[in-house]
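Enquirer: pasting the structure only:
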């Protein structure tokens with residue numbers, strides 16, 4: 001029917017004397033008193049070309065309208081690969097800003113296809129449609145939460161957010177190593193501050209509640225709803241301290257008081273290498289005191305049936321065995337809700353060490369971090385005896401690598417650098433690969449595979 005309508009319109013445009021107004025040149029001008037000149041009909045060849053073009057567009061539109069939503073959605077994600085080379089030509093920070101702006105304005109594809117059922121899971125009483133999340137650092141100021149979750153991530157973590165706005169370190173501060181699939185950054189917690197982030201998250205939270213109210217009558221009560229306070233996915237808020245702050249504990253407490261009401265989970269970031277003295281907070285006594293204070297700040301607030309958001313700590317990959325033992329002891333003693341392993345590294349493992357860019361100061365992320373981060377996570381899973389959910393982060397760039405991290409002890413995983421290089425098309429690809437890996441090895445769910453290599 002759509003084809004018949006397109007053919008009819010095509011014939012109509014071809015036979016009717018449709019004329020496009022040409023640009024008036026000097027030789028066609030006449031005096032005001034003179035009658036307007038008669039515009040000649042377009043030549044037959046031009047009419048044919050115009051009609052054929054319009055017909056093809058209409059026929060193409062009619063064909064697309066008959067394609068199922070899943071196929072069309074797949075095309076959109078695949079088409080984003082064409083844009084990646086353009087971003088690679090831009091300054092890294094400019095490219096980053098453009099990507100965030102595009103997601104904030106909805107200029108990115110929206111995932112309409114359901115996730116494979118075997119990669120869905122429940123953690124902290126929250127339903128994740130899949131375990132693949134976007135790490136903190138991409139959307140530092142919560143500008144594009146809805147657009148990023150719409151890409152199909154199971155969860156998105158914003159931040160790090162500091163109490164007071166700060167510019168971060170001087171530019172340039174982001175350096176690509178494309179051959180190694182890596183990035184070095186020394187941003188230094190550039191942030192618009194908790195007030196700006198709270199306004200954005202508050203507006204989104206209100207919109208979410210309105211949407212829930214309007215859709216509650218049409219949805220089935222038996223249906224498992226994935227997502228949290230931000231919409232279809234889970235939202236994490238990563239808290240940082242200001243560079244010039246004299247009281248780091250007070251900075252994190254302020255972040256909890258202001259932002260925890262909008263978060264499905266909170267993260268204390270004590271592992272960025274780009275803020276002086278921050279990593280010292282990973283010491284046993286310092287970490288214990290900090291976690292106690294932040295837990296108390298969270299628990300003194302009033303919470304509904306869902307209770308307070310889980311509290312996690314993000315640690316570095318550059319830790320000794322003794323450091324890991326201390327962190328594990330604190331996490332178990334204080335019943336920490338989770339650990340994110342890991343942040344960027346100050347080391348330069350091969351083949352990065354041979355690249356001249358390796359001399360730049362900052363944290364290294366991407367593929368060269370994969371083995372280091374996996375080994376640290378596996379060690380921590382063993383030290384915590386699998387009692388604490390771990391989020392694997394660092395160097396993951398495929399579904400197979402996500403699966404390796406799950407087998408090493410991760411309940412959830414995060415990507416960043418691979419997403420920066422691969423764009424939106426990476427996400428459905430990773431989810432499909434992860435589902436295949438689970439099926440291949442006989443696991444019915446993600447949770448069955450967690451820590452399989454440590455048993």
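Expert: Looks like it came in fine. It should be emphasised that the depicted structure is a prediction, and the values quoted were computed from it without experimental measurement. Numbers count the residues shown, from 1 in each chain.
Enquirer: what about the protein, any weak spots by pLDDT?
Expert: Applying pLDDT under 70 to the chain flags the ranges 1-67, 212-227, 229-231.
Enquirer: the residue nearest in space to the middle of it: what's it in contact with?
Expert: Against the mean C-alpha coordinate of the chain, by CA atoms, centre = their mean, the closest residue is residue 134 at 3.4 Å. By CB atoms under 8 Å, 6 or more residues apart in numbering, residue 134 lies in contact with 148, 153, 155-157, 414-416, 419. Quick note: C-beta positions are derived from backbone N, CA and C, even for glycine.
Enquirer: quick one: residues contacting the closest residue to it other than its chain neighbours.
Expert: Spatially, and ignoring its direct neighbours in sequence, residue 134 is nearest to residue 156 (4.7 Å; CB to CB, 6 or more residues apart in numbering). Contacts for residue 156 (CB under 8 Å, 6+ apart) come out as 133-134, 139, 145, 148-149, 230, 233-236.
Enquirer: looking at the residues you listed, which is nearest residue 95?
Expert: For the contacts of residue 156, the residue nearest residue 95 by CB to CB is residue 139; the value is 14.4 Å.
Enquirer: the residue nearest to that closest one when sequence neighbours are not counted pairs with what?
Expert: Spatial nearest neighbour of residue 139, chain neighbours left out: residue 158 (5.0 Å); criterion: CB to CB, 6+ apart. Note on residue 158: beta-bridge partners by DSSP bridges are residue 237.
Enquirer: just give me the neighbour total for residue 158.
Expert: 29 (other CB atoms under 10 Å).
Enquirer: equivalent analysis for residue 153, please.
Expert: Residue 153, neighbours per other CB under 10 Å, totals 26.
Enquirer: doesn't it fall inside a helix?
Expert: No: applying DSSP: H, G, I helix; E, B strand; the rest coil, one finds residue 153 to be coil, outside a helix.
Enquirer: residues contacting it?
Expert: 130, 132-134, 233, 427.
Enquirer: which residue is the nearest non-sequential neighbour of it?
Expert: residue 134 (5.1 Å).
Enquirer: measure the one you found to residue 299 for me?
Expert: 28 Å (CB to CB, to the nearest Å).
Enquirer: one more: residue 256?
Expert: Going from residue 256 to residue 299 by CB to CB gives 10 Å.
Enquirer: ok, these two, which is more surrounded?
Expert: More neighbours surround residue 256 than the other of residue 256 and residue 299, with 28 against 12 (other CB under 10 Å).
Enquirer: would you agree the more buried one falls within a helix?
Expert: Yes: per three-state DSSP, residue 256 lies within a helix segment.
Enquirer: contacts only, for it.
Expert: Neighbouring residues of residue 256 by CB under 8 Å, 6+ apart: 239, 266, 294, 297-298, 301.
Enquirer: go again with 10 Å.
Expert: Residues near residue 256 by CB atoms under 10 Å, 6 or more residues apart in numbering: 194, 237, 239, 263, 266, 268, 293-301, 308-309, 311.
Enquirer: how about residue 139?
Expert: If you count contacts by CB under 10 Å, 6+ apart, then residue 139 has 99-100, 103-104, 145, 147-148, 156-159, 197 around it.
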